[in-house]
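A.B. asks: Provide a 3D model corresponding to the input given below.
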Amino acid sequence: MLQESKTIGSLCFKNRWIFLSPPTGYSKTDEFSEREAAFFCARAEGGAAAVLMPVGVRKEDCPWGMISADCIENAEFSVFLQQMKEYECKWIPLLSMDHMETNEFSSLQSFALEEIATAYCAAIQKVKAIGAEAVALSVKDGDFLSSFLSPLCNHREDRYGIATEQGHTFLLELLRKIKSQTEDFPVFIFLCAAEMRSGGFGPESTISLCHAVEKEGLCDAVILKPAWEGAAVDQDSVFTSDGAFLPLFRAMRKHIHMPLIINGMMGEKESAENAVADNVADLIVSSRAFLADAAFAEKQFADKPFYPCQKCGHCKQCVVNQTALSCAFSADCGNEWIEKQRRKIA
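C.D. replies: Okay, here's the model as predicted:
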């Protein structure tokens, strides 16, 4: 079933496997690089139906390792998008804003929030005009939008506080604004099933948010991962088996009726096949599996040997330490552009 196409809204994915990239650090905030283009194209050529690329909403608060939507258009990017089309791989920017400290976040004035909402809409118009076929909003792991959902981060006493709609108000208003301006453009939201930190939000809050979004038709699909980074539960070490979070996703699926895309310990064909066959998920998102082997999806489809992720955490440390992304198991990861340079010289 993983090789079968899947349609969500107006989008038809050639298969069920999507690559989620961590921030790479290969490009400058204001300049897309040949190295980054080669990195993503290798995964597209290797069978990914789409790539979720982290993109900053605006330059001034763009998270580390991402290019900003303000500056994304250049000649290199146009070539990259053309290559993606040749591989029938969809480019879906994952729009993110940097984390704010609790005091700064809770003291943001209404006019500042309006400016941020306007920046999100402008970023979506920008990536749509360039050639994105959908957009995803990052509402996870403590980034800006997810801070509204967390009782540990959101100490606001206005209508955007936890006391009103469990902190969902700003996100719902933002989605309404986005839909009013881009009605025909697919919008996904990337959520955590629960915060999984003492005092944080639980699955009930996420389910409530999904019900509100679904009721108003504010997004086309939900991408779901188990918990925030830094949560009390082990999400991705060598001690956590592939498919470990399928029971959680299965329980959440009973309450989420819109298209559901799952991410978290889904790096092997068997667990992914089970999730799709049992209607737990419409699409599967993998990250580190595609870092260890760019042709991960294609090899799985053909039942060929592939280089498996060792769950060593090296790639995560690259992001934490803000160094260019690499894989301890695969020397090719992030160096695909070198081979292209050699071909040019030859």
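A.B. asks: from here on, contacts and neighbour counts on C-alpha atoms
C.D. replies: Noted.
A.B. asks: And the residue lying closest to Glu36 once chain neighbours are set aside, how far from Glu336?
C.D. replies: Excluding its sequence neighbours, the residue lying closest to Glu36 (Cα to Cα, 6 or more residues apart in numbering) is Tyr26, at 5.5 Å. Remark: distance between Tyr26 and Glu336 (Cα to Cα, to the nearest Å) = 12 Å.
A.B. asks: Now list whatever residues contact both of the two.
C.D. replies: Jointly contacting Tyr26 and Glu336 under the rule Cα atoms under 8 Å, 6 or more residues apart in numbering are Arg35.
A.B. asks: just to revisit the earlier point, could you pull up the residues touching the residue nearest to Glu36?
C.D. replies: Here Tyr26 is in contact with 33, 35-36, 65, 324-325, 334 (criterion: Cα under 8 Å, 6+ apart).
A.B. asks: Tell me the helices and strands packed up against the helix or strand in which Ala129 is found.
C.D. replies: Using DSSP states H and E, Ala129 maps to helix 110-130. If contacts are counted by 3 or more Cα pairs under 8 Å, 6 or more residues apart in numbering; DSSP states H and E, helix 110-130 sits against helix 169-181.
A.B. asks: Okay, buried residues for the helix it packs on please.
C.D. replies: Buried positions in helix 169-181, judged by neighbour count with 16 or more other Cα atoms under 10 Å: 169-172, 174-179.
A.B. asks: again, but for stretch 180-196
C.D. replies: Neighbour-count burial for stretch 180-196, counted by 16+ other Cα under 10 Å, picks out 185-196.
A.B. asks: Of those residues, which is the nearest to Ile8?
C.D. replies: Of all the buried residues of stretch 180-196, Pro186 has the smallest distance to Ile8: 8.7 Å, by Cα to Cα.
A.B. asks: tell me the pLDDT at the closest one?
C.D. replies: Looking at Pro186, its pLDDT stands at 96.
A.B. asks: Can you verify my assumption that it contacts Ser10?
C.D. replies: Yes: at 7.4 Å, Pro186 and Ser10 qualify as touching, with contact defined as Cα atoms under 8 Å.
A.B. asks: burial of the residue nearest to Leu149 when sequence neighbours are not counted, as a residue count?
C.D. replies: Spatial nearest neighbour of Leu149, chain neighbours left out: Gly167 (4.9 Å); criterion: Cα to Cα, 6+ apart. By other Cα atoms under 10 Å, the residues close to Gly167 number 24.
A.B. asks: ok, Gly167 touching Phe148?
C.D. replies: Yes: Gly167 lies in contact with Phe148 (Cα under 8 Å); the separation is 5.2 Å.
A.B. asks: Overlap of the contact sets of the two?
C.D. replies: 154, 160-161.
A.B. asks: who touches Arg43 in this structure?
C.D. replies: Residues near Arg43 by Cα under 8 Å, 6+ apart: 19, 290, 294-295.
A.B. asks: Glu86 - how many residues pack around it?
C.D. replies: What Glu86 shows, counting by other Cα under 10 Å, is a neighbour count of 12.
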